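Chemist: got a structure for you, letters missing:
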């Protein structure tokens, strides 16, 4: 049994896998297990994973049929033996002290999870510290309700709230199991969004290690975050449906406006992808109209009021979406 389990989902990342695994092996916290989940990768990754088994006894390997990132992370959770658990994407890396620093905090404060900042590495090698728009320190339940719930699912500025990426967090595994917190396997992309919303809702406490960019997120070409995704709108509608099924029934807090903003955000996201997609014009226009004519998007705009703090450009963009003006949208 390890102190910390680290789950690494792997799919078509043979170019980056060694960098990731080496950063895990270099951790100053030695009492860890590294769970490499080969999600049916069609390249050399399965062979590389088997070779890593010979390198360090702390490494475990799972080979499975491709099921997506959520499925791969859940497979790692299933065999994790650590008291705490973290998730690292296989095309990223972490600082040597990451898990030691996170463990020291979560152990000291006995909280449900701890979160650090991260470094975003651009394709030309520049590093930018990404810090959240909340204060550092310890959050008890009252503070979570007061300061985190208002942006738990989606912020009023039509952007993600503070609890988004799981990769710079360390969770108490018993906490995840207590509330059956797993990754939604019907949601193929942006799965962190729905997972973190449930984590934030159920958490009684967490600690934010502000200013410590312990995780290195790389803008790698060809990853799912940098390319057009066929069927993305359907996936995001499914995510919103699953969020609504739960949060619409919450009595102690009204999440309805956030759920509407969440639906509108992903309409903006998908239409932006389509605008730049390498598709036939008629195909692109047809897909865009499907989003704009969606009943789910129509419901999100019902009695919708534009937040006063929105910049005028955002108001114009959303107004055009609301009025289904694709021909104008795609030109701006």
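Modeler: That came through fine. The structure presented is a predicted model; accordingly, all values stated were derived computationally and were not measured.
Chemist: for residue 10, phi and psi?
Modeler: The phi/psi pair for residue 10 (degrees, to the nearest 10) reads phi -130, psi 130.
Chemist: Centre-most residue in the protein?
Modeler: Geometric centre of the chain, nearest residue: residue 192, 2.7 Å, by C-alpha atoms, centre = their mean.
Chemist: quick one: that residue from residue 181, how far?
Modeler: 12 Å (C-beta to C-beta, to the nearest Å). (C-beta placed from N, C-alpha, C; glycine too.)
Chemist: swap in residue 245?
Modeler: 16 Å.
Chemist: Tell me which of those two has more neighbours.
Modeler: Just comparing residue 245 and residue 181: by other C-beta atoms under 10 Å the higher neighbour count belongs to residue 181, 18 against 9.
Chemist: these two touch, right, the more buried one and residue 197?
Modeler: No: the criterion here is C-beta atoms under 8 Å, and residue 181 misses it with residue 197 at 10.4 Å.
Chemist: Parallel or antiparallel, which strands does whichever strand or helix holds residue 120 pair with?
Modeler: Secondary structure from DSSP states H and E places residue 120 in strand 113-121. In the sheet, strand 113-121 lines up against strand 127-130 (antiparallel), strand 169-172 (antiparallel), strand 205-218 (parallel) (DSSP bridges).
Chemist: What residues sit buried inside it?
Modeler: 113-119, 121 (16 or more other C-beta atoms under 10 Å).
Chemist: among those residues, which two are most distant?
Modeler: Spatial extent of those (C-beta to C-beta) is set by the pair 113 and 121 at 24.2 Å.
Chemist: How about residue 23: what's its closest non-neighbour residue?
Modeler: residue 93 (3.9 Å; C-beta to C-beta, 6 or more residues apart in numbering).
Chemist: Tell me the bridge partners for that neighbour.
Modeler: residue 216.
Chemist: Against residue 140, how distant is residue 115?
Modeler: Per C-beta to C-beta, residue 115 is found 15 Å from residue 140.
Chemist: cool, residue 214 as well?
Modeler: 23 Å.
Chemist: Which one's more surrounded, the two?
Modeler: The neighbour comparison of residue 214 against residue 140 (other C-beta under 10 Å) goes to residue 214, with 22 against 13.
Chemist: where along the stretch 51-200 of the chain do the helices fall?
Modeler: 69-79, 98-109, 141-143, 173-178, 191-202 (DSSP state H, counting those that start in this stretch).
Chemist: Tell me which of these sits nearest to residue 263.
Modeler: helix 191-202 (12.3 Å).
Chemist: contacting residues around the closest one?
Modeler: With C-beta atoms under 8 Å, 6 or more residues apart in numbering as the test, helix 191-202 has contacts from 69-70, 73, 112-113, 144, 148-149, 152-153, 160-161, 163-167, 171, 175-176, 179, 181-184, 187, 239, 242-243, 246-247, 250.
Chemist: So which residues of the chain form strands?
Modeler: Applying DSSP state E to the chain gives strands spanning 4-10, 32-38, 59-63, 84-87, 93-94, 113-121, 127-130, 137-140, 169-172, 205-218.
Chemist: least reliable of those going by mean pLDDT?
Modeler: Mean pLDDT per stretch puts strand 127-130 lowest among those, at a mean of 92.
Chemist: Can you give the distance from it to the centre of its chain?
Modeler: Offset of strand 127-130 from its chain centre (C-alpha atoms, centre = their mean, to the nearest Å): 17 Å.
Chemist: low-scoring stretches of the stretch 101-250 of the chain, by residue?
Modeler: For the stretch 101-250 of the chain, the stretches with pLDDT under 70 are 221-228.
Chemist: ok, residue 211 - contacts?
Modeler: Neighbours of residue 211 in contact, by C-beta under 8 Å, 6+ apart: 117, 129, 131, 136.
Chemist: who wins for most neighbours among these?
Modeler: In the contacts of residue 211, the most neighbours by other C-beta under 10 Å go to residue 117, 18 neighbours.
Chemist: who's in contact with it?
Modeler: Residue 117 touches 129-132, 168, 209-215, counting by C-beta under 8 Å, 6+ apart.
Chemist: how deep is residue 141 tucked in, by neighbour count?
Modeler: 10.
Chemist: Name the nearest residue to it, ignoring sequence neighbours.
Modeler: Nearest to residue 141 is residue 204, by C-beta to C-beta, 6+ apart, at 5.0 Å.
Chemist: What's the local residue count around that neighbour?
Modeler: Neighbour count of residue 204, defined by other C-beta under 10 Å: 11.
Chemist: That one against residue 143, yeah?
Modeler: No: look at residue 204 against residue 143 with C-beta under 8 Å: they stay out of range, at 10.7 Å.
Chemist: Tell me the predicted confidence for residue 43.
Modeler: For residue 43, the model assigns a pLDDT of 96.
Chemist: Repeat that for residue 64.
Modeler: Reported pLDDT for residue 64: 97.
Chemist: tell me the phi and psi of it?
Modeler: According to degrees, to the nearest 10, residue 64 has phi -140, psi 160.
Chemist: which ones are touching it?
Modeler: Neighbouring residues of residue 64 by C-beta under 8 Å, 6+ apart: 37-40, 71-72, 75.
Chemist: And for residue 55?
Modeler: With the criterion set at C-beta under 8 Å, 6+ apart, residue 55 makes contact with residue 25.
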